[in-house]
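> I'd like to go over a predicted model; first the sequence, then the structure.
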Amino acid sequence: MAPQAWASEDNPDPAKIEAFKKEIMKSVDYWEKDTPDQFKPDSIYYFAESQISPRLTAGNWPEYWGDPSYQYTDEEKSRLKMFMETSRIASETYRKEMPGRKLLIGWGDPGLPVPLLRAGFPKNLIDGAGLDVPNFERLPEMQLADNAVQRLYEVKKEFEKAGMPDPYLQYCEGTFVPTEPGSCTWREQMDIYNRWTLISMGYGVKRFYAGWFAFDCGNYYGAEHYGGCGIQRRIPYCDPKPAYAAFATMTDKLNEANFDGWLKTGSLTTYCQRFKHATRGNIYTLWNIRGKRPVTLTLAADATVKVTDAMNNTKELPSKNKQVTIMTDPSVIYVTGVEIVSAAVGTPDNSDEKPANSAKVIADLGDGSWKFTSHREEYYEKNHWGLYPAMGKFSATVVKDPEHGQVLASKLEKQDRTRELMPWYNTLTPAKPVTLPYAPSHIGLWVKGNSDWGRVIYVLRDAKGERWTSIGTKDDYNCNDPHAWSSFNFDGWRYLRFELPGHLGYDNFRKAGTTWWRADDGDKIVDLPLKLEEIIVEQRSHIIYVNDVQPVASDTVQLGKLTVEYATPADATEEAVRQSKLRMPLPTQIPNLPNPIADMTRDGVGAPAKAITLKAPEHYYDGTRMLVNFDTVPAAKTYYLWVGAYPDGRGAVNLVPAGVKSGDLVYGLRPGVKLYYWLLYTDANGKMSKPSPVHEEVTVDNFKEK
């Protein structure tokens, strides 16, 4: 069911309302006519991956970190009314005709129902939401950002405020955890799928009609970020990945068990959840986000503790003095057969990450030359409508660490206000910019974290003055460190490695690491050598842990030596810099392309058509397809939409040779590129008109489900 444009009108046509009611019931009858009663669904979803606006549907809500509420634009007000009225009419119809069905507003982003609930949507006309959280490489514990699973915290709270403490939440799509080269390893896929399920169950989700997909895809879909998410490889191979066995283990342990709370462990990145089964009693799930960490469990009574790993291998450990110690890591383990009274972490082991053999130290943040300069970076603050960092008070002191010697202690000082669920930041600046020699592939930093989900953000300047910042492209999805490589999601000392941007010489082929960087003040091509101008340090006072807000344990992190790494020995030479500066010769003349627009301007018969407008569709609004609207001409029989890359019409093509009607969805466009549009028509005699005035537009990709 799509939102109805007429629903935004003050007095919609009653005939349209009645036609809509008949249409949605006809649709249900069509899809269910051959379905036996026992297999008919018990729920109805509204709106296929639609949005009111990016920030109101897929963003986060400022009240959760103490900022002023959004002021809706006129467009947002109109679209909210459209969704409200479409939903109200549909719900009243379904409640009357199909009273037993659960009505779920949204097949898409979990945030879609939030503006409706805030606007007073009747709680008797909604039961919950259909969830689609693509997630991809993100850790399920990641804090509020685009596509983060923890946005379920806001969604659940908004239902509670509306008088619905236990909304019906179920996954209809997502999560997708790909394993193609450049995404997740097979073990990372297993761990993310496992922990995504557990975190979601903490928010009351009991049905997962998506996720844990059976196979990788074999066609074009298998070559992109969705299609490689299977827990088995593609047909005909069908060999299982580790997630296949982990899915069986989770089913064995947690089927028909309900989330029953969580235990404090002493660390906000080590987890111990409790589930309860009617006959099998308590089941506990434990994991540690990064590295390894022992956890000592205190039991209600001495017993033999059964510890089962993700492959369903079980070890039996006898307790002593009502205690037993187990080792946790990013893979979920299950503890059964006992009642756990408390859990306490031991010393973390982060030895799984260390500098590569090629690493070279380029700076020491503990040498006393680095200072917090409170340089406000507005471009960074406004980089994405789902993330809102704010300048805060920080202090830097040099302290001595037994492992790393002189290090910089970054302290988040007491602020003038509480800001729970978004980060504070400040700019850590060296005495002079630090050169990254030659053509490095990664930058690395030793950090002593405190599980506060802060992070480091690097601000670089290339040889031509272009700025590169490790926050991804403005307002885009899946590029602001979705892997959390730069995050403080651990305790103790850990080496954080982050991919650098870069291009090959001659044809400027973009290296994969460039994905994670925003470019400003230049041509978006890295010109070596790079220099580090500052490090933006984020720290937090509170985070979402499992399903609740918790204060962090410490206001201080420590920063040590900074390194660069090289993919090959040749990259650590001047020759690599020389080759990167080679450029393909550019054309010396404007391409001699045919100009059909000029030809039809000269030869066309009849008055030109009127202005064109483009509008994004309600689904798959990625800028490659748009709704085209125009005023009709009485003499016209068939309309044609021509599109080109040059304003004078050179190289323009007829986008829909069969003809186009006002309101049609047209395909084949390219977001982020200025294109030029002309409307023409043929009359009853087949004569072509003159072109309409040129319409220029840059379409925008706002579709996060990719």
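All right, it came through fine. Numbering: from 1, shown residues only.
> helix, strand, or coil at the residue at minimal distance from the centre of the chain?
Taking Cα atoms, centre = their mean, the centroid of the chain lies closest to residue 147, which sits 3.3 Å from it. Judged by DSSP: H, G, I helix; E, B strand; the rest coil, the three-state class of residue 147 is coil.
> excluding chain neighbours, what is closest to residue 618?
Among residues not flanking residue 618 along the chain, residue 50 sits closest, at 4.7 Å (Cβ to Cβ, 6 or more residues apart in numbering). C-betas here are computed from N, CA, C, even on glycine.
> wait, doesn't the one you found sit right on residue 112?
Yes: if you go by Cβ atoms under 8 Å, residue 50 and residue 112 touch, sitting 7.1 Å apart.
> those two - which one has more neighbours?
Taking other Cβ atoms under 10 Å, residue 50 and residue 112 do not tie; residue 112 has more neighbours (28 against 24).
> any residues in contact with both of residue 50 and residue 112?
57, 83, 106 (Cβ atoms under 8 Å, 6 or more residues apart in numbering).
> okay, and which of those residues map to helices?
57, 83 (DSSP state H).
> so can I have a markdown table of the shared contacts of residue 50 and residue 112 showing pLDDT?
Shown next, in a markdown table, are the shared contacts of residue 50 and residue 112 (pLDDT from 0 to 100):
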| residue | pLDDT |
| --- | --- |
| 57 | 95 |
| 83 | 98 |
| 106 | 94 |
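> just the closest of the shared contacts of residue 50 and residue 112 to residue 64, please.
residue 57 (15.9 Å; Cβ to Cβ).
> and residue 158, how far is that from residue 571?
Noted for residue 158: a distance of 50 Å to residue 571, by Cβ to Cβ, to the nearest Å.
> circling back to that earlier point, just give me the closest of the shared contacts of residue 50 and residue 112 to residue 142.
residue 57 (18.8 Å).
> show me what contacts that closest one?
Applying Cβ under 8 Å, 6+ apart, we find residue 57 in contact with 50, 51, 108, 109, 111, 112, 115.
> for the third one, which non-adjacent residue is closest in space?
Ranked by Cβ to Cβ, 6+ apart and with sequence neighbours excluded, the top spatial neighbour of residue 108 is residue 49, at 4.0 Å.
> which residues touch the one you found?
Per Cβ under 8 Å, 6+ apart, neighbours of residue 49: 107, 108, 109, 132, 619, 620, 703, 705.
> so which of the residues you listed sit within helices?
Reading helices off the contacts of residue 49, I find no matches (DSSP H).
> by neighbour count, which of the residues you listed wins?
In terms of neighbour count, residue 109 stands highest of these at 30 neighbours, by other Cβ under 10 Å.
> distance of that residue from residue 56?
10 Å.
> residue 105 too?
With distances taken as Cβ to Cβ, residue 105 is found 14 Å from residue 56.
> again, but for residue 207
Residue 207 is 26 Å from residue 56, by Cβ to Cβ.
> and residue 652, by the same measure?
Taking Cβ to Cβ, one finds residue 652 at 37 Å from residue 56.
> tell me which stretches of the stretch 551-700 of the chain form helices.
574-580, 596-603 (DSSP state H, counting those that start in this stretch).
> ok, and what's touching the first one?
When you say that, I think you mean helix 574-580. In contact with helix 574-580 (Cβ under 8 Å, 6+ apart) are residues 438, 439, 502, 503, 504, 505, 526, 527, 528, 529, 570.
> re the thing from before, now render the helices of the stretch 551-700 of the chain as CSV, adding distance to residue 193, mean neighbour count and mean pLDDT.
Output for the helices of the stretch 551-700 of the chain, formatted as CSV (distance: least, Cβ to Cβ, whole Å; neighbours: other Cβ atoms under 10 Å; pLDDT from 0 to 100):
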stretch, distance to residue 193, mean neighbour count, mean pLDDT
helix 574-580, 39, 16, 97
helix 596-603, 52, 16, 96
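> kindly present those as JSON lines, with separate columns for distance to residue 234.
Formatted as JSON lines, the helices of the stretch 551-700 of the chain follow (distance: least, Cβ to Cβ, whole Å):
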{"stretch": "helix 574-580", "distance to residue 234": "37"}
{"stretch": "helix 596-603", "distance to residue 234": "43"}
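> quick one, which of those helices is nearest to residue 669?
So among the helices of the stretch 551-700 of the chain, helix 596-603 is nearest, using Cβ to Cβ, at 17.4 Å.
> check the offset of the closest one from the chain's centre.
Distance, stretch centre to chain centre, for helix 596-603: 46 Å (Cα atoms, centre = their mean, to the nearest Å).
> and that helix, what does it pack against?
strand 638-644 (3 or more Cβ pairs under 8 Å, 6 or more residues apart in numbering; DSSP states H and E).
> next, the angle helix 596-603 makes with the strand it packs on.
Strand 638-644 runs at 130 degrees relative to helix 596-603, counting by axes from the mean of the first three to the mean of the last three Cα atoms, to 10 degrees.
> list the helices and strands strand 638-644 packs on?
Using 3+ Cβ pairs under 8 Å, 6+ apart as the test, strand 638-644 ends up in contact with helix 596-603, strand 653-654, strand 674-682.
> and of the ones you listed, who's closest to residue 424?
strand 674-682 (38.0 Å).
> now that closest one against helix 596-603, angle please.
Going by the same axes, to 10 degrees, strand 674-682 makes 40 degrees with helix 596-603.
> just the CA atoms of strand 674-682, as PDB, please.
What follows is strand 674-682, C-alpha atoms only, in PDB (Å, rounded to 0.1, in the frame of the first residue of the first chain):
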ATOM      1  CA  LYS A 674      23.400  17.700 -13.300                       C
ATOM      2  CA  LEU A 675      21.300  16.600 -16.200                       C
ATOM      3  CA  TYR A 676      19.200  18.500 -18.600                       C
ATOM      4  CA  TYR A 677      15.600  17.600 -19.600                       C
ATOM      5  CA  TRP A 678      13.400  18.600 -22.600                       C
ATOM      6  CA  LEU A 679       9.800  17.600 -23.300                       C
ATOM      7  CA  LEU A 680       8.600  17.100 -26.900                       C
ATOM      8  CA  TYR A 681       5.500  15.700 -28.400                       C
ATOM      9  CA  THR A 682       4.100  14.500 -31.700                       C
END
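> one step back: so who does the residue nearest to residue 618 touch?
2, 3, 57, 83, 106, 108, 112, 618, 619.
> narrow those to those in strands?
106, 108 (DSSP state E).
> what's the most distant pair in the contacts of residue 50?
2 and 57 (14.7 Å).
> enumerate every residue touching the closest residue to residue 381 other than its chain neighbours.
Spatial nearest neighbour of residue 381, chain neighbours left out: residue 389 (5.7 Å); criterion: Cβ to Cβ, 6+ apart. Taking Cβ under 8 Å, 6+ apart as the criterion, residue 389 is in contact with 380, 381, 422, 423, 424, 425, 538.
> quick check: residue 389 vs residue 175, distance?
26 Å.
> same thing with residue 135?
4 Å.
> and what of residue 340?
From residue 340 to residue 175 the distance is 28 Å (Cβ to Cβ).
> who has more neighbours out of these two?
Between residue 340 and residue 175, residue 175 has the larger neighbour count (other Cβ under 10 Å), namely 26 against 19.
> roughly how far apart are that one and residue 60?
Distance of residue 175 to residue 60, computed by Cβ to Cβ: 18 Å.
> so residue 67 makes contact with residue 388?
Yes: when contacts are counted by Cβ under 8 Å, residue 67 is listed as touching residue 388 (6.7 Å).
> what do those two both touch?
residue 422.
> who has more neighbours out of the two?
residue 388 (19 against 14).
> thinking again about what came up before, looking at the shared contacts of residue 50 and residue 112, which is nearest residue 446?
Nearest member of the shared contacts of residue 50 and residue 112 to residue 446, counting by Cβ to Cβ, is residue 57, at 39.4 Å.
> show the pLDDT at the nearest residue to that closest one once chain neighbours are set aside.
Nearest non-adjacent residue to residue 57, counting by Cβ to Cβ, 6+ apart: residue 51, 3.7 Å away. For residue 51, the pLDDT comes out at 93.
> list the contacts of residue 51.
57, 58, 108, 109, 112, 621, 702.
> same check on residue 681?
Contacts of residue 681 by Cβ under 8 Å, 6+ apart are 606, 609, 633, 635, 636, 637, 638, 639, 640, 688, 689.
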